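> Please find the sequence and the predicted model below.
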Amino acid sequence: MTDAALSVRELGKVYSTSAGDVHALRGVDLEIVNGETLVLLGPSGSGKSTLLNILGGLDRATSGSARFQDRELTRASDVELTRYRRTSVGFIFQFFNLVPSLTARENVALITEIASNPMTPEEALARVGLADRFDHFPAQLSGGQQQRVAVARAIAKRPQLLFCDEPTGSLDSESGVQVLEAISEVARDVGTTTMIVSHNADIAGMADRVIRFRDGRITDIERNVAKLAPRDMTW
Amino acid sequence: MKPLDRKLVRDLWRLKFQMMAIALLIACGVSVAVMSFSAQRALAQAQAAFYEDTRFADVFAQAKRAPLSRLRELARIEGVTATDGRILEAGLMDVPGLARPAMARLISLPDDEGRALNRIRLSRGRMPDPRRTDEAVALKTFMDAAGVRLGDRLTAVVQGRAFTFTVVGAVLSPEYVYVPAPESFMPDDAHQAVLWAPRPAVERAAGMSGAFNAVALKLAPGASTAAVLADVDRILAPYGGRAAYAREDQASHAFLAAELKELSTSASILPPIFLIIAAALVHLTVSRLVDAEREQIGLLKAFGYRDGEAARPYLRMAIAIGLVGAVAGGLVGGALAAAIVDQYRDYFRFPVLAVRFHWLAFGGASAVAVAATVAGSVAAVRRAAGLSPAVAMQPLRPATYRAGLLDRLVRGAAIDQATRVIVRNLERFPVRSLLATLGLAAGLTLLVGTQFLFDSLDKVVDQAYYRTQRWSEAIGFAEPRSIASLSEASRLPGVLAAEPVRTVAARLQANGREELTRIVGLEPDAIFDRPLDARDRRVPFKGRGLVVSEALADRLGLEAGDEVRVEVIDGRAPATVLPVTGLARDYSGFAAYMDRRRLNALMGEGDLISGAHLQLAADRRAAFYRAVERTPQVVGASSRDETVASWRQAMAEAFRVTVSFYVGFAGAIAFGVAYNTSRIALSERARDLATLRVLGFGEGECAYILAGELAVLALVAIPLGVFGGQALAHGLVAAYSRDEVRLPAVISARSYGISLLAYLVAVTVAGALVARRIWGFDLVAVLKTRD
């Protein structure tokens, strides 16, 4: 399928611990289409974050296959995974993970400097509504603003894939809405394929598809007939 | 074990490498103190016991020939409790296996051992039979170095007479614990023979009966040494007396005293450096730990722990570091003391030289070490105690940064964000950056400031034996002889050129100060020995003016143009006042130079010489020395090359151990500071760096941010360390210079190179050890962790 951004077959992940093996993923199959927005829901330990980590090139599967375009991620070397993250993937973290010693503009520039066809840091920040905060350090920004800088940092390199791990997990609802708006707007404009992992079922409305996890398996895939704008969702 | 104690143990284990790096510095400091004090006490006790046992004298004097009856007069001087008159004659002695004849000092044994001073102690064999005139005992150091064995038959030529004897015993003497060679200040044991024989044998060899020419006196406690010296000089003056001198000026004792002083210097300079740096590192490390654990501290307080209880583990951690370092330092210091005392056994011959662990020094140094680590932790511990539970448990806001001075400097420059992170981190923590820089600089300082010792010694040798003195061999006569002897010397085999020298002992007085020295009379156009100024230009003689060595001038407060009162001790010349017409730069001994003819005129004697400086054909040395042995008037012969070679060997041995310690210590400082600084930086930035890894930065790019910070500090520390090294070199020069050798503070490019290399290796290894942790980052965890 030419339209597939990511293609996952029989993906398994086992963690060996002193208490025995933990099966984090038990044979997951999933096709993700270019430009699609997915929301992954499920309780803690259900496997949604593990899938995100493997697709994001941070972790390796124990079995099965995960392909990005014609690249097999499960067999990639560390160097190849680093290059994959550097060129193709944008990340947004629950706790923002900005470099405290760099201003908003410089945090974004950190990524645009190593990307091949980035937008300018100023453009990226303007897209998330922070045109007036270029020279502020993280300590001078609210949580929501910090997360929007993180969004700008993630999309500035025009990534094909955008992975968001609990992006609103440490924000109040108003800030959370602003961040989700920023994500959905820039994802649409840039044409990025977006995966959002969350505990919060209320944000499912903004997805093209909602994937539900339990015990390392996908239990349910639901397609939204009409996507909602974040502003119209409530939690 | 209480939970908090268990936490302390686990924290120590988790931070073990950081803690060990700090403990290493403390160990260095404590070990130097333990080593220095242990070795010093070993030497001092051995010296005191030996002096006591052998009744080592307080005052010494020589004359040409004084009747034994004068001894009673000497004994009547106020404050004198015992006198011992001997015959001491010098000559040359051929020793099988030695290329050059040894200088022999033949000393008469006392008639009454019970009342003798400067007694000798038999180490092997037996004492000579008093009725025989062909037996002698010899200094053990000479026998060991020259390979002379009991039963060997040797012949010394004294006063033109051959004295043939059998060596029946090896002895130790308090006068010759350390035996410097006359032309050098390092031992040349193989060529320094000291022999003791019964008085009749020595009388016959020296052609002197019923007389003495060397006397030793023992003083009552509290007696005025100066008054006794004056009386001795007065009594012996008619008998060709030379200046009497006190124990402090006795060569062997003076060298020993200088060594003891050096050990005190080591013990007072080095340990404070180590402990201050250790305290700074404790401050940085514990502060970081308190920051990282503020939530835990707040939690403890929320549970009802008192402020002191919550903060105490950090204090205990500091104490633990201090104790671990102190114990390690005690162990190492004990071993070092044993090693250095072992080395002393080669130089200082005592019957017993035993080293014992100096518990008091260990206890004192340990207490200071623990006090230093506690002092280093105080700020952090107070912060832990002062944290309010509420504040402590709030999530930490991102650290506040702002664009600083450096930032404005680099703003125009197109620097990447990674470099900007480095710059901002350095600016954000100025105190830490400063402490780390100073610590690194201290390591380099110690390297540069101790490597220079080799350069300094090279300079001394170069100046003494290749610039000022350029003869290949020097000979000395027993008594001044006519200038005609110079042509005899020129005719010795292999002699290419000869220059005369006339040396007299004299007291120089100026500004109420007095120094006993020698005046060296040289030809105005001499090329084998000539006083040089600081820029290596010959200092010309002007009329009857004296050219005085800078060190001597310094002691007497003299400058060129001043006048100095000169009291010649050899011979009967009247005291006179001479102008100082120039200053000479030299690094060993004290001397004054003048035109030889003017000196002879001053002495009221004819055209005399006391020795000659020679240039020898290298392939005729054996023949030359064979001839010298048959020349009775020659009592001393020195070879420049042999002196320099043995000197270099002795120096290399003496300093190799010391400088290896210093290099190790300095490396420990640079490594310890670099490792701790990097570990702290890593612990603060692990999350940032892992985030960058997730965002697509390679390990190397992350390592750049971490190592870049250290690299900047290490580079800034280089000029500081170099300047510090120069300052330390000057300080050490002041502390270690002795009368025998004044070390110049010169540092060669090679020493800078070696120091910088060692420094960079230590810093790079430390940085690499920390940076390699980036390769082990858990990228998944970083997504979920708050700082």
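That came in fine, so what should we check first?

> May I have the phi/psi pair for residue 226?
By default, I'm working from chain A. Phi and psi for A:A226, reported as degrees, to the nearest 10, are phi -120, psi 110.

> roughly how far apart are it and B:P579?
115 Å (C-beta to C-beta, to the nearest Å). Quick note: C-beta positions are derived from backbone N, CA and C, even for glycine.

> List the buried residues of the host helix or strand of B:A379.
Using DSSP states H and E, B:A379 sits in helix B:359-386. Within helix B:359-386, the residues scored as buried using 16 or more other C-beta atoms under 10 Å in any protein chain shown are B:361-362, B:365-366, B:368-370, B:372-378, B:380-381, B:383-385.

> hang on, the earlier thing: and A:A226 and B:P579? Which one has more around it.
Taking other C-beta atoms under 10 Å in any protein chain shown, A:A226 and B:P579 do not tie; B:P579 has more neighbours (15 against 5).

> taking the mean pLDDT, what do you get for stretch B:493-505?
Confidence for stretch B:493-505, expressed as mean pLDDT, is 91.

> what about the strands in chain A?
A:4-17, A:20-33, A:37-41, A:63-68, A:71-72, A:89-92, A:161-165, A:193-198, A:209-214, A:217-223 (DSSP state E).

> Could I get the ones you listed in TSV, plus columns for mean neighbour count?
Shown next, in TSV, are those (neighbours: other C-beta atoms under 10 Å in any protein chain shown):
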stretch	mean neighbour count
strand A:4-17	17
strand A:20-33	16
strand A:37-41	23
strand A:63-68	18
strand A:71-72	13
strand A:89-92	26
strand A:161-165	24
strand A:193-198	25
strand A:209-214	20
strand A:217-223	13
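
> Can you say which of the ones you listed is nearest to B:A104?
Nearest of these to B:A104, taken as C-beta to C-beta: strand A:4-17 at 84.2 Å.

> Is the closest one positioned near chain B?
No: using C-beta under 8 Å from any C-beta of the partner chain, strand A:4-17 never reaches chain B; the gap is at least 10.7 Å.

> what distance separates that strand from the middle of the whole chain?
Here strand A:4-17 is found 17 Å from its chain centre; the criterion is C-alpha atoms, centre = their mean, to the nearest Å.

> ditto for stretch B:60-77
Counting by C-alpha atoms, centre = their mean, stretch B:60-77 is centred 38 Å from the centre of its parent chain.

> With stretch B:672-692 instead?
So, by C-alpha atoms, centre = their mean, the centroid of stretch B:672-692 is 41 Å from its chain's centroid.

> how about that stretch: buried residues?
Of the residues in stretch B:672-692, B:672-681, B:683-692 count as buried by neighbour count, 16+ other C-beta under 10 Å.

> The residues you listed: which ones sit near chain A?
Restricting the buried residues of stretch B:672-692 to those near chain A by C-beta under 8 Å from any C-beta leaves B:687-688, B:691-692.

> Which single residue in chain B comes nearest to chain A?
B:G696 (2.8 Å; C-beta to the nearest C-beta).

> which residues sit in contact with the residue nearest to B:F350 when sequence neighbours are not counted?
The shortest distance from B:F350 to any non-neighbouring residue, by C-beta to C-beta, 6 or more residues apart in numbering or on different chains, is to B:A46 (4.1 Å). Contacts for B:A46 (C-beta atoms under 8 Å, 6 or more residues apart in numbering or on different chains) come out as B:348, B:350, B:352-354.

> ditto for B:I422
Contact analysis of B:I422 by C-beta under 8 Å, 6+ apart lists B:705, B:708-709, B:712.

> Just among those, which is most surrounded?
B:I705 (25 neighbours).

> can you tell me the average pLDDT over the top helix by length along chain B?
Identified as the longest helix of chain B according to DSSP state H is helix B:640-694. The average of the pLDDT scores along helix B:640-694 is 82.

> counting contacts, what elements does whichever helix or strand comes after it pack onto?
Using DSSP H and E, the helix or strand that directly follows helix B:640-694 along the chain is helix B:699-736. Packed against helix B:699-736 by the contact rule (3 or more C-beta pairs under 8 Å, 6 or more residues apart in numbering or on different chains; DSSP states H and E) you find helix B:251-292, helix B:417-428, helix B:430-461, helix B:640-694, helix B:749-771.
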